[in-house]
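In: Turn this into a structure:
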Amino acid sequence: MTATVTYTFKSSLLQSLKSNVMSGSDRYYIAIGRSNVWNSTDTPPITADSDISSLDFIQKSRHPLIAYKKVFSSSLVVPRIDWTSGTIYEAYTDLNSNIDLTTKPYYVMNDNLRVYVCLEQAKNALGQGVASTVKPTGVSLTPFTTSDGYVWQYLYQVGPEDANSFMTNNFIPVQYLKDEASAVSAVEVEQYSLQQASVSGSVLGIEMVSGGSGYSGTVTVNITGGGSGAQGTAVLSGGSVVSIKMDSDTLGNVLSGSGYRNSSVEIVGNGTGAEAIAVLGPSAGITADPTVSLRSETVMFHSDFIDTEDGRILSTNDFRQVLLIKNPTKYNSTAAFTSQVGNALRRLNFSTVPVAFLSDKEIIGTTSQAKAYLVHYDTAAWIYQNETTGFEEFSPGENVEAVEGSGSGQGTLASTNTVTAPDVDIYSGDVLYINNIAAVTRDPNQTEDVKVVIKL
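Out: A predicted model of the protein is given here:
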């Protein structure tokens, strides 16, 4: 028997994951790795679900890890939809949770980073949707109608810090404020007021099922179902009811009513066959929880890599993989790794280096025959080993040279303190996410702002 995972379950899981990150009950790190090219064209391969679950794939992704940085913030996010004049927006509906936002966007963000949900689409005399031409603005607690006929409800504003951490070309952050204490900034205080003012059981709109025929003159719309206050007006064309528009009071407030459950719509007139369904929305109201109203199924983790992070990681070279790893441990230990940043590469220390080593080359110990991939050389050789190089240990005091030839590097290892261990055990922790990407070049004068997005 086929089952469907409900949105409520997805939302609960995402909220729990976000809470774990922020509370520190689990430790999440974004790791970067792989400085060597993917192939002759350096085109990143597509990562399939089967690859991520493969132990062999994960192990190979761990070997070239360069550095770890603790996730310092997370947020639920939704697809970014900027309001654009000339676009036909859909009305919010509770009849279908799997809405394709690319073809049926039902919420927008304006240029002030304020987010609005469309409750009623403007229609022409034939009941067909028309384009939005008036940008929704303002912070009304109740639904409002713009002069182009669209009905909007303000939900929240993306604050400066959230915009910096979680807003991209594709996503915007969304959150639920569980209590007054969690509303810290001005925009959060405003959102919390909206949440508290949310009206349960409002009729957000009315969807036509069938327009019927033979209607003329006065047609009455009766909305029943335990609540009160919701009023609508039928729009006729050619004897059919082509749409039902929610009424407004003299101040422009939409008459959505409250307390409705299992609402039904009765269309009374001299015609026959017209049917419609009331849209009730979330049980607590449309503004009670924006993560529910906007159906967030995605969480974003955010961190950044700044220069050398006090000498812990490389600030040069590049990387081609991003991983999200939960609860790694210290190198050669079962103790939890808890630092903000960690180096994942071993370093070979030299007594003399007559020919400086070049980055991204294989090196070999002339006595041990141990091989390694040299990611970068400064005062030491930052290396990793994998299935190709083998895992033989280098011998103290031996000569090391580049596999390509002495012109690419040559030196003698120190006889003591030959190897500096990394901070993190690269084989520890649960890999939750892997993304193969085009090369990102690190530079001491820039910050790599890394965002990991997981959708259920």
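In: what number of residues lie near the nearest residue to residue 234 once chain neighbours are set aside?
Out: Setting aside the residues directly before and after it, residue 234 is nearest to residue 219 in space (C-beta to C-beta, 6 or more residues apart in numbering), at 4.2 Å. C-beta: built from backbone N, CA, C; applies to glycine. By the criterion of other C-beta atoms under 10 Å, residue 219 has 19 neighbours.
In: The stretch 1-150 of the chain: strands as residue ranges?
Out: Counting by DSSP state E, counting those that start in this stretch, the stretch 1-150 of the chain has strands at residues 28-33, 65-70, 73-79, 107-109, 114-120, 144-145.
In: Quick one: residues contacting the residue nearest to residue 234.
Out: Contact analysis of residue 219 by C-beta atoms under 8 Å, 6 or more residues apart in numbering lists 234, 236, 241, 267-269, 271, 274.
In: can we see that at 7 Å?
Out: The contact partners of residue 219, by C-beta atoms under 7 Å, 6 or more residues apart in numbering, come to 234, 236, 241, 267-269.
In: cool, and residue 232?
Out: Residue 232 is in contact with 206, 221, 223, 244-247, counting by C-beta under 7 Å, 6+ apart.
In: related to what we said a few turns ago, could I get the contacts of residue 219 in a markdown table, plus columns for neighbour count and secondary structure?
Out: As requested, the contacts of residue 219 are exported to a markdown table (neighbours: other C-beta atoms under 10 Å; DSSP: H, G, I helix; E, B strand; the rest coil):
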| residue | neighbour count | secondary structure |
| --- | --- | --- |
| 234 | 24 | strand |
| 236 | 20 | strand |
| 241 | 25 | strand |
| 267 | 24 | strand |
| 268 | 12 | strand |
| 269 | 18 | coil |
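In: Strands - which of the contacts of residue 232 land there?
Out: Using DSSP state E, 206, 221, 223, 244-246 are the members of these that sit in strands.
In: mind giving me the domain split of this protein?
Out: What automatic domain parsing lists as the domains of the chain is 205-279, 346-421.
In: distance between the ends of the shortest one?
Out: End-to-end distance of domain 205-279: 5 Å, with C-alpha to C-alpha, to the nearest Å as the criterion.
In: try the last one
Out: Taking C-alpha to C-alpha, domain 346-421 runs 5 Å from one end to the other.
In: for stretch 66-82, same thing?
Out: With C-alpha to C-alpha, one end of stretch 66-82 sits 37 Å from the other.
In: What distance do you get for residue 151 to residue 254?
Out: In this view, residue 151 and residue 254 are 6 Å apart by C-beta to C-beta, to the nearest Å.
In: Name the residues contacting each of those two.
Out: With C-beta under 7 Å, 6+ apart, residue 151 and residue 254 have common neighbours 143, 145, 246.
In: For burial, what's the neighbour tally of the last one?
Out: In this case it means residue 246. Look at residue 246: counted by other C-beta under 10 Å, it has 25 neighbours.
In: so what pLDDT did it get?
Out: The per-residue pLDDT reported for residue 246 equals 94.
In: For it, list each beta-bridge partner.
Out: For residue 246, the beta-bridge partners are residue 232 (DSSP bridges).
In: Quick check: bridge partners of residue 431?
Out: The partner residues for residue 431, given DSSP bridges, come to residue 325.
In: Surely it and residue 328 touch.
Out: No - using C-beta atoms under 7 Å, residue 431 is not in contact with residue 328, being 9.9 Å away.
In: Which one's more surrounded, the two?
Out: Using other C-beta under 10 Å as the criterion, residue 431 and residue 328 rank with residue 328 on top: 26 against 19.
In: isn't that one right next to residue 429, touching?
Out: Yes - the criterion here is C-beta under 7 Å, and residue 328 meets it with residue 429 at 3.6 Å.
In: returning to that earlier point: out of the contacts of residue 219, who's nearest residue 397?
Out: Nearest to residue 397 among these: residue 241, at 91.3 Å, using C-beta to C-beta.
In: Setting aside sequence neighbours, what's the nearest residue to the closest one?
Out: Residue 241 sits nearest to residue 274 (C-beta to C-beta, 6+ apart), 4.2 Å away.
In: before we move on, which element is the one you found in?
Out: strand 272-279 (DSSP states H and E).
In: likewise residue 172?
Out: In this assignment (DSSP H and E), residue 172 forms part of strand 171-174.
In: Likewise for residue 286?
Out: Going by DSSP H and E, residue 286 is not in any helix or strand.
In: What distance do you get for it to residue 360?
Out: 54 Å.
In: Neighbour count for those two, which is higher?
Out: Higher neighbour count among residue 286 and residue 360: residue 286, with 25 against 13, using other C-beta under 10 Å.
In: ok, the more buried one - contacts?
Out: Residue 286 makes contact with 117, 153, 198, 204, 293 under the criterion C-beta under 7 Å, 6+ apart.
In: Am I right that the residue nearest to residue 241 is in contact with residue 213?
Out: No - contact criterion C-beta under 7 Å: residue 274 and residue 213 do not qualify, at 8.3 Å.
In: Of these two, give the one with the bigger neighbour count.
Out: Taking neighbours as other C-beta under 10 Å, residue 274 and residue 213 compare with residue 274 leading, 26 against 13.
In: what pLDDT does the more buried one get?
Out: 97.
In: What residue, apart from its backbone neighbours, is nearest residue 106 spatially?
Out: Nearest non-adjacent residue to residue 106, counting by C-beta to C-beta, 6+ apart: residue 90, 4.5 Å away.
In: again with residue 306
Out: residue 447 (4.9 Å).
In: Could you give the number of residues near the one you found?
Out: Around residue 447 there are 11 other residues, counting by other C-beta under 10 Å.
In: correct me, but it touches residue 304?
Out: Yes - using C-beta under 7 Å, residue 447 is in contact with residue 304, at 5.2 Å.
In: Tell me where the model's unsure across the stretch 351-456 of the chain.
Out: Along the stretch 351-456 of the chain, segments meeting pLDDT under 70 span 406.
In: what about the strands in it?
Out: 361-365, 371-377, 380-384, 399-402, 410-413, 419-420, 430-441, 447-455.
In: Can you tell me which helices and strands the second one packs against?
Out: Using 3 or more C-beta pairs under 7 Å, 6 or more residues apart in numbering; DSSP states H and E as the contact criterion, the neighbours of strand 371-377 among helices and strands are strand 361-365, strand 380-384.
In: Out of these, which gets nearest to residue 29?
Out: Closest among the helices and strands packed on strand 371-377, once you apply C-beta to C-beta, is strand 380-384, at 17.4 Å.
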